[in-house]
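> my questions concern the predicted model and sequence given below.
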Amino acid sequence: MKLLKKPFHWGVATSALQTEGASYLDGKGPSIWDEFSLRKGKIAGGHTPEIANSFYYRYEEDLDIVQALHIPNFRFSISWPRVLPQGTRNINQKGIDFYDRLIDACLERGITPWVTLYHWDLPLQLELNGGWNNRDILSWFSEYVELMLQKFGDRVSNWMVLNEPLVFTGAGYFLGIHAPGKKGMNSFLSAAHHASLAQAVGIRQIKEHNALFNVGTTYSCSWITPFSDSPNDQQAAVRVDALMNRFFVEPLLGYGYPVKDLPFLKEIEKFYQKDDETLLKATPDFIGIQNYTREVVKHSWFTPYINAKLIDARTRQVPHTLLNWEIYPEGIHSLIHKYAAYPEVKNIIVSENGAAFPDHVTGNEIKDSQRLSYLKNYMLHINRARMDCSKLCGYFVWSLHDNFEWAEGYYPRFGLVHIDYSNQKRTIKESGYWYKNHILNQKYEDKIQHEHQLFNTKEER
Ligand code: GAL
């Protein structure tokens, strides 16, 4: 008997800090990003997430749009400091009520909620106690996860534990360009090790709560190409690949950190405690991969630790987005296969893909032709992967609407829906309408294929 294809999850993704606003309202505690954004010169344009898309008040209007666009899956994150203002102990009931309403509003519209537990907005109080550098983060996180399971586990069955650990530890604890603005290798390695353990803690805890839940965690990833055939550039590319694409996924899958290809990682062992090698491992139902671009890598003696530098898209004069990220659609197909090659990876969901471009607003129409062409081209490779990789089972566009793009402020717009920040007006862009038709067509094709398979199976019997 032939196996029937698994259902494919089409969706859109958002995060709490980037959309909710209401940063200091209804009992929410401050997050590291609320504090960081008030520091001079940290966020482009001096922007803050205080109001953002006002999703806290406008979630119903936004979910109406998701429903009108026939998008069946909605990924959002829970703001830890909204439900536990100090990070632990005292619960903010108004925060719980908000996510109760949000989840119910999804379900009433036939939209499946996918909850990310940590999308970078650590409660400020926990950072004051050491944040990701303090191993106690594991028990703080576990307390928070338990509360979320107790409150929402009756209606949410799809969970993503962490969003992009490399980015929040690398940019936040090594480069200091994201919250909490810490710098240095020690700070990075301890944060990274605790984040690695936390992803495993979260996965185990959710599966223990309910073995039927669909649990994963997400990773930033970029296809890596050496700048030239020289052995130096080739080896530099291996190091950057280990850092950007393997560092967090391999310990989870049981391989440990990729120390052989990235010798400086050996230092992370000084943060090990008894049994950590085992504790780093867990069995996710899926991994979420988040891909926007590729990186071209050249050897460099001047970059400490990795002896490699990235040659940016403008310098290489290749097509790129507003953020100078190369548009390289075939990379997403290669990455899906790269992760599918790990036997321990059961399923893959592209949990983010999208692009920032300047949009042209004409009256009530938004012709975002560059985003449209970006998405269409990436989709060709998603479709290819659906045909040749049985592990791929979902794709989420980043993002539903334009939002607070971290250190870049509100300037880069990634949304399928435009936000006019002067009055919070939502306008669906051309790319949004295209995605709607794409999903409807795909569902129709999947249905036909499913019926064919059923028919053939009956014939074979
Ligand atoms: C990801 C991140 C999102 C979003 C996106 C676009 O790294 O998870 O929150 O900002 O990039 O840059």
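The structure has been received and is ready for your questions.
> drop to CA atoms for contacts and neighbour counts, all remaining ones
OK.
> got the end-to-end distance for stretch 281-298?
Chord length of stretch 281-298, first to last residue, is 33 Å (CA to CA, to the nearest Å).
> just the mean pLDDT for it, thanks.
Stretch 281-298 carries an average pLDDT of 98.
> okay, now the unreliable bits of this structure?
For the chain, the stretches flagged by pLDDT under 70 are 1-5.
> repeat that with 80
Residue ranges of the chain with pLDDT under 80: 1-6, 457-461.
> in it, which helix is the longest?
Secondary structure assigned by DSSP state H gives helix 430-460 as the longest helix of the chain.
> all strands of the stretch 301-450 of the chain, in order?
According to DSSP state E, counting those that start in this stretch, the stretch 301-450 of the chain carries its strands in the segments 308-310, 348-352, 360-362, 365-367, 392-398, 417-420, 425-428.
> columns mean neighbour count and distance to residue 237 on top of these, output as a markdown table?
What follows is the strands of the stretch 301-450 of the chain, written out as a markdown table (neighbours: other CA atoms under 10 Å; distance: least, CA to CA, whole Å):
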| stretch | mean neighbour count | distance to residue 237 |
| --- | --- | --- |
| strand 308-310 | 20 | 8 |
| strand 348-352 | 24 | 23 |
| strand 360-362 | 11 | 38 |
| strand 365-367 | 16 | 38 |
| strand 392-398 | 23 | 26 |
| strand 417-420 | 20 | 37 |
| strand 425-428 | 17 | 40 |
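> can you say which of the ones you listed is nearest to residue 244?
Of all the strands of the stretch 301-450 of the chain, strand 308-310 sits nearest to residue 244, with 11.9 Å by CA to CA.
> can you give the strand pairings for the closest one, parallel or anti for each?
strand 294-299 (antiparallel) (DSSP bridges).
> from the chain's centre, how far out does the longest helix of the chain sit?
Counting by CA atoms, centre = their mean, to the nearest Å, helix 430-460 is centred 27 Å from the centre of its parent chain.
> buried ones in it, by neighbour count?
Buried residues in helix 430-460, counting neighbours by 16 or more other CA atoms under 10 Å, are found at 430-436, 438-439, 446, 450, 453-454.
> from the residues you listed, which is closest to residue 16?
Nearest to residue 16 among those is residue 432, at 20.8 Å by CA to CA.
> hmm, residue 70 and the closest one touching each other?
No: assessed by CA atoms under 8 Å, residue 432 is found out of contact with residue 70, at 10.4 Å.
> the closest residue to residue 292 other than its chain neighbours: neighbour count?
Spatial nearest neighbour of residue 292, chain neighbours left out: residue 353 (5.6 Å); criterion: CA to CA, 6 or more residues apart in numbering. Each residue near residue 353 was counted by other CA atoms under 10 Å, and the total is 23.
> what residues are up against residue 353?
290-292, 396-398 (CA atoms under 8 Å, 6 or more residues apart in numbering).
> where's it relative to residue 15, distance?
14 Å.
> again, but for residue 399
Look at residue 399 and residue 15: by CA to CA, they are 9 Å apart.
> residue 401 too?
In this view, residue 401 and residue 15 are 11 Å apart by CA to CA.
> next: residue 446.
Counting by CA to CA - residue 446 and residue 15 are separated by 29 Å.
> next: residue 60.
Plainly put, residue 60 is 16 Å away from residue 15 if you go by CA to CA.
> compare the two (neighbour count), which wins?
Neighbours per residue (other CA under 10 Å) separate residue 60 from residue 15, with residue 15 holding more: 25 against 16.
> who touches residue 320 in this structure?
Applying CA under 8 Å, 6+ apart, the residues contacting residue 320 are 313-314, 326-327.
> which ones among the residues you listed map onto helices?
313-314.
> adding neighbour count, write the contacts of residue 320 out as a markdown table.
Formatted as a markdown table, the contacts of residue 320 follow (neighbours: other CA atoms under 10 Å):
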| residue | neighbour count |
| --- | --- |
| 313 | 20 |
| 314 | 13 |
| 326 | 21 |
| 327 | 19 |
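> so residue 88 belongs to a helix, correct?
No: remark: residue 88 does not belong to a helix; assigned using DSSP: H, G, I helix; E, B strand; the rest coil, it is coil.
> what's it sitting at in phi/psi?
phi -140, psi 170 (degrees, to the nearest 10).
> so it sits against residue 144, correct?
Yes: contact status for residue 88 versus residue 144: in contact at 7.0 Å, counting by CA under 8 Å.
> what's in contact with stretch 233-246?
Residues from elsewhere that reach stretch 233-246 (CA under 8 Å, 6+ apart): 166, 219-228, 257-258, 261-262, 296-299, 306-308.
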